[in-house]
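Asker: predicted model and sequence follow; I will ask about them next.
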Amino acid sequence: MTVAVWVVGARGQLGRAVSRAFAASAGHDLLTADPLPWAAEQEEFEAAARRAASALRERTDRGAEWLVAWCAGAAVTGSTEEQLERELGQLATVLRVLREHGPAGRAVGSIFYASSAGGVYAGSAAPPFTEETAPSPLAPYGHAKLRAEALVTGFAEETGARALIGRIANIYGPAQSLQKAQGLISHLAKAQLTPNPASIYVPLETVRDYIYADDCAALIADAVQRLEHCAPGTTVVKILASHQPVTIATLLGLLRAIAKARPNVMLGSSPVANYQAVDLRLRSVVWPDLDHRDLLPLPAGINNVMTALRTAMQEGAL
């Protein structure tokens with residue numbers, strides 16, 4: 001059975017990787033919908049979402065099952081309430097359009113939502129955090145992620161769709177947007193190639209779990225395939241991580257070895273640091289067998305990021 005796939009946010013780092021993962025997986029037909037106009041007014045945004053949902057419904061009418069992979073989101077830990085409310089409203093719009101103009105409710109399908117482990121567990125106690133850990137966001141960003149998860153869960157219950165909520169660790173890779181105040185590895189790598197230092201606002205003993213974008217996408221694809229065996233209306237929450245925590249000090253050491261130069265960093269302070277957990281070790285207890293896989297080693301991933309940035313600079317694209 002063919003599965004028609006709409007990747008929302010297909011131009012972003014995760015969306016690109018997820019698109020590649022499903023394109024390489026037999027039985028998946030990617031919908032080549034125009035990107036949603038995130039900065040547009042509500043009417044224009046909804047019209048674009050309706051066109052994509054209708055196209056997905058047409059594929060379903062021809063016998064395909066459906067999958068929507070929500071990989072979108074420009075918000076970060078320091079985003080304003082206004083920015084967060086706008087993104088939540090856009091998610092709600094797409095879910096409503098899927099019910100009214102798409103295949104939801106007519107044929108059982110699946111939806112994946114990319115959430116944030118760092119956002120929802122920032123204030124939680126006793127790491128490593130698992131899916132059984134009570135979420136405790138510190139920032140409005142984390143609270144918004146939980147609200148988004150609730151929207152997706154409600155959508156699954158109402159339509160009978162299966163839902164997978166992926167609480168993702170620190171994702172990184174060559175396609176990381178440098179316009180966002182997010183993605184420490186990419187910003188550190190860029191600083192090695194320019195005179196401007198990268199700023200670090202948290203202690204060097206801060207622990208994070210870094211997962212390469214393509215590894216994360218492959219894990220998502222496998223988890224979605226497992227989800228297809230669940231009952232309609234089921235929502236599964238899974239942590240998506242490398243399970244290889246490192247401190248920022250260790251990260252700087254790796255960068256120094258790869259770049260063969262002292263990291264170009266500046267230590268400072270920021271109110272946003274109050275929203276950051278010092279120890280964010282993660283451990284998934286949901287479908288843990290899916291986590292037993294070969295992952296790109298962190299030094300190789302950092303090198304890939306640096307190589308991509310160096311090429312972009314040479315081409316004048318950075």
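Answerer: Yep, it's here.
Asker: tell me, how many residues neighbour A26?
Answerer: Using other Cβ atoms under 10 Å, A26 has 5 neighbouring residues. Backbone N, C-alpha and C define where each C-beta goes, glycine included.
Asker: give the helix, strand or coil label for it.
Answerer: At A26 the chain is in coil, as set by DSSP: H, G, I helix; E, B strand; the rest coil.
Asker: measure it to V278 for me?
Answerer: A26 sits 43 Å away from V278, going by Cβ to Cβ, to the nearest Å.
Asker: so D291 sits against D222, correct?
Answerer: No: using Cβ atoms under 8 Å, D291 and D222 do not qualify as a contacting pair, with a distance of 9.7 Å.
Asker: the more surrounded of the two?
Answerer: More neighbours surround D291 than the other of D291 and D222, with 20 against 17 (other Cβ under 10 Å).
Asker: for the closest residue to the more buried one other than its chain neighbours, what is the enclosing helix or strand?
Answerer: Nearest non-adjacent residue to D291, counting by Cβ to Cβ, 6 or more residues apart in numbering: S284, 5.7 Å away. Of the helices and strands defined by DSSP states H and E, none includes S284.
Asker: wait, what's in contact with S284?
Answerer: T130, E131, K238, I239, L240, A241, H243, D291 (Cβ atoms under 8 Å, 6 or more residues apart in numbering).
Asker: swap in 7 Å and give it another go.
Answerer: By Cβ atoms under 7 Å, 6 or more residues apart in numbering, the contact list for S284 reads T130, E131, K238, I239, A241, D291.
Asker: helix/strand/coil for the residue lying closest to the third one once chain neighbours are set aside?
Answerer: The shortest distance from K238 to any non-neighbouring residue, by Cβ to Cβ, 6+ apart, is to V286 (4.5 Å). Taken by three-state DSSP, the conformation at V286 corresponds to coil.
Asker: neighbours of V286, just the number please.
Answerer: So V286, with other Cβ under 10 Å, has 17 neighbours.
Asker: and it, how far is that from W38?
Answerer: Per Cβ to Cβ, V286 is found 31 Å from W38.
Asker: any chance of the contacts of S284 in TSV, plus pLDDT?
Answerer: As requested, the contacts of S284 are exported to TSV (pLDDT from 0 to 100):
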residue	pLDDT
T130	98
E131	98
K238	98
I239	98
A241	98
D291	98
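Asker: what separation do you get for the residue lying closest to T234 once chain neighbours are set aside and V5?
Answerer: Once flanking residues are discounted, T234 sits nearest to R162: 5.2 Å by Cβ to Cβ, 6+ apart. Remark: distance between R162 and V5 (Cβ to Cβ) = 14 Å.
Asker: the two: which has the busier surroundings?
Answerer: V5 (30 against 23).
Asker: run through the residues that contact that one.
Answerer: Contacts of V5 by Cβ under 7 Å, 6+ apart are F22, H28, D29, L30, L31, L67, A69.
Asker: doesn't it fall inside a strand?
Answerer: Yes: using three-state DSSP, the assignment for V5 is a strand.
Asker: the one helix or strand A92 maps to: what's the following helix or strand?
Answerer: Assigned by DSSP H and E, A92 belongs to helix 81-101. Following helix 81-101 in sequence order, the next helix or strand is strand 110-116 (DSSP H and E).
Asker: show the subsequent helix or strand relative to that following strand.
Answerer: helix 117-121.
Asker: avg pLDDT for that next one?
Answerer: Taken as a whole, helix 117-121 has an average pLDDT of 96.
Asker: where does the stretch 101-250 of the chain have low pLDDT?
Answerer: 180-181 (pLDDT under 70).
Asker: of the contacts of S284, which belong to strands?
Answerer: K238, I239 (DSSP state E).
Asker: need the buried ones from the contacts of S284 selected in ChimeraX.
Answerer: Entered in ChimeraX, the line below selects the buried ones among these, by 16 or more other Cβ atoms under 10 Å:
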select :131,238,239,241,291
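Asker: any buried residues in stretch 166-174, and which?
Answerer: In stretch 166-174, counting by 16+ other Cβ under 10 Å, buried: G166, R167, I168, A169, N170, I171, Y172, G173, P174.
Asker: for the fifth one, give me its contacts.
Answerer: Which is N170. So N170 contacts G118, R208, D209, Y210 (Cβ under 7 Å, 6+ apart).
Asker: and of these, the nearest to P140?
Answerer: Nearest to P140 out of these is G118 (Cβ to Cβ; 13.7 Å).
Asker: burial count for that closest one?
Answerer: 27.
Asker: kindly report the same for T235.
Answerer: Quick note: T235 (other Cβ under 10 Å) scores 21 neighbours.
Asker: what about it, distance to Q179?
Answerer: 32 Å.
Asker: again, but for A312
Answerer: 13 Å.
Asker: great, nothing more from me.
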